[in-house]
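My questions are about this predicted structure, shown below with the sequence.
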Amino acid sequence: MVSISHWIKAATGTRRMAVKTGLLVGLMAQCLAGTAAAGTSGSATQPPGVYPPWSSGANNPVQSRGLEFTVPEVDNLPDLHGNPVNPELSIFVGGNYFFVMAPLVHAFEQAHPALKGKIYYETLPPGLLVEQLRNGGTITIGNMTWTVHADVYAGGLRRVESTIKEGLATGTAVPYATNTLTIMVPKGNPAHITSLNDLGKPGVRLVMPNPAFEGVGRQIKESLAKAGGEALVRAVYETKVKNGETILTHIHHRQSPMYLMQGKAQAGVTWQSEAAFQEMIGNPISHVAIPDDQNATGTYGAAVVKGAPHPEAAKQWVEFLTSPEAQDIFRRYGFKSYSGSKAK
């Protein structure tokens, strides 16, 4: 309410009315969204952290901020960070660790103070970022289209290597961290999910990453096959999709916990670090561990983008990802250091 009050006090004349009207529309939309979600979940109120952004603009220096206008579920760009106008380092990073980027950027800026406040990054699914690279860095969200020429592309190691083969990135892909899967559930696990096989049961509503452009979908299918064979894979990703019991996401690291908190789904497979992050920030999310013999490991890698506007800064960022300081930040969120395994 402090920011709303600030906006209203700062407005004058017709601008005052416009801001008030916009705020009222935004607040009504939030209330309607909360009411709809509550009706689905049976809860009278929604937890405060249901709607992203959860990073609260951590990469936007106070001195560079302009008009504050963030209305959850209405005007909200949680995967675009910093100022896209003439940045001195632009990073396209698969969104699986969006929550790690703010502390990584802060640590990198401490080592490279000339870049402070001049780093822009996107945390969209890696497949979508590749499409953006193919389109010369141009992206459209809502009514806005803009172009940012990336310096670094980071994502699943296999995906990064394929961008190099395609000619979108150069050099050698540098691996730097690994992650494993878990089953994300609402706090209290109301559907009593105990294993991957439970996901195939009729009536269990799921939210699952879309394999079409989210690399984790491949690892999830591998894990499902280990647990219940191809029959379980088909049940989760075909039968349940057709009958509406599986929602396929577009941005799983945002949508999965949000849909669970809204009561739209009862379980979904994600990277374990994402469940750990939701628990760390106090959202009503929990997880069910997947046994090692059914799990899958993902390896993250990075490379300099071909024609990078800032190749030196790009090289410094890629090198930084393997530094002890960066590795310590990754470990805080449940990632492991890359040890030379072939998992991708």
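All right, it came through fine. Predicted model only: the values in this text are computed from it and were never measured.

Could you pull up the contacting residues of Lys221?
Shown in contact with Lys221 (Cβ atoms under 8 Å, 6 or more residues apart in numbering): 211, 233, 237. Yep, even glycine has a C-beta here, placed from its N, CA and C like the rest.

do the same with Asn197
Counted by Cβ under 8 Å, 6+ apart, Asn197 has contacts 227-228, 232.

The residues you listed in strands, which ones?
With strands defined by DSSP state E, no entry of these lies inside them.

Distance to Pro186 for those - can I get that in TSV?
What follows is the contacts of Asn197, written out as TSV (distance: Cβ to Cβ, whole Å):
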residue	distance to Pro186
Ala227	21
Gly228	23
Leu232	22
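
Could you pick out which of these are located in helices?
Judged by DSSP state H, helices contain the following of the contacts of Asn197: 227-228, 232.

if we can go back for a sec, can you tell me which of the contacts of Asn197 comes closest to Ile139?
Leu232 (35.8 Å; Cβ to Cβ).

rewinding a little: the contacts of Lys221, buried ones only, as a PyMOL selection?
Listed next is the PyMOL selection for buried residues among the contacts of Lys221, using 16 or more other Cβ atoms under 10 Å:
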select buried, resi 211+233+237
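
show me where the stretch 151-300 of the chain has helices.
157-166, 216-234, 240-243, 252-262, 272-280 (DSSP state H, counting those that start in this stretch).

closest one to Leu77 among those helices?
Among those, helix 252-262 sits nearest to Leu77 (Cβ to Cβ), with 11.3 Å.

Dump that closest one to CSV, keeping only the CA atoms.
Provided in CSV are the C-alpha atoms of helix 252-262 (Å, rounded to 0.1, in the frame of the first residue of the first chain):
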residue,chain,number,x,y,z
HIS,A,252,7.3,-23.9,-15.8
HIS,A,253,9.5,-22.2,-13.2
ARG,A,254,6.8,-19.6,-12.7
GLN,A,255,3.6,-21.4,-13.6
SER,A,256,4.1,-24.6,-11.8
PRO,A,257,4.2,-23.2,-8.2
MET,A,258,1.6,-20.6,-9.1
TYR,A,259,-0.9,-23.2,-10.3
LEU,A,260,-0.2,-25.4,-7.3
MET,A,261,-0.9,-22.4,-4.9
GLN,A,262,-4.0,-21.5,-6.9
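
and it with helix 216-234, angle?
Counting by axes from the mean of the first three to the mean of the last three Cα atoms, to 10 degrees, helix 252-262 lies at 50 degrees to helix 216-234.

Quick one: mean pLDDT over helix 252-262.
Helix 252-262 carries an average pLDDT of 93.

buried residues in it?
252-262.

okay, the angle between that helix and helix 272-280?
Angle of helix 252-262 versus helix 272-280, following the same axes, to 10 degrees, is 50 degrees.

quick revisit: what is the nearest of the buried residues of helix 252-262 to His310?
Of those, the one sitting nearest to His310 (Cβ to Cβ) turns out to be His253, at 26.5 Å.

Around the nearest residue to the closest one once chain neighbours are set aside, count how many other residues there are.
Distance criterion Cβ to Cβ, 6 or more residues apart in numbering; nearest residue to His253, sequence neighbours excluded, is Gly95 at 4.8 Å. Using other Cβ atoms under 10 Å, Gly95 is surrounded by 23 other residues.

contacting residues for Gly95?
Gly95 makes contact with 79, 123-126, 251, 253-254 under the criterion Cβ under 8 Å, 6+ apart.

what is the mean pLDDT for stretch 94-104?
Computed over stretch 94-104, the average pLDDT equals 92.

still on that earlier bit, just the contacts of Gly95 now: which is nearest Val174?
Proximity of the contacts of Gly95 to Val174 (Cβ to Cβ) peaks at Pro126, which lies at 15.3 Å.

Neighbouring strands - and their directions - for the longest strand along the chain?
Secondary structure assigned by DSSP E gives strand 169-186 as the longest strand of the chain. Here strand 169-186 is paired, per DSSP bridges, with strand 268-271 (antiparallel), strand 285-289 (antiparallel), strand 297-305 (antiparallel), strand 336-337 (antiparallel).

Could you point out which of these sits nearest His112?
strand 297-305 (15.9 Å).
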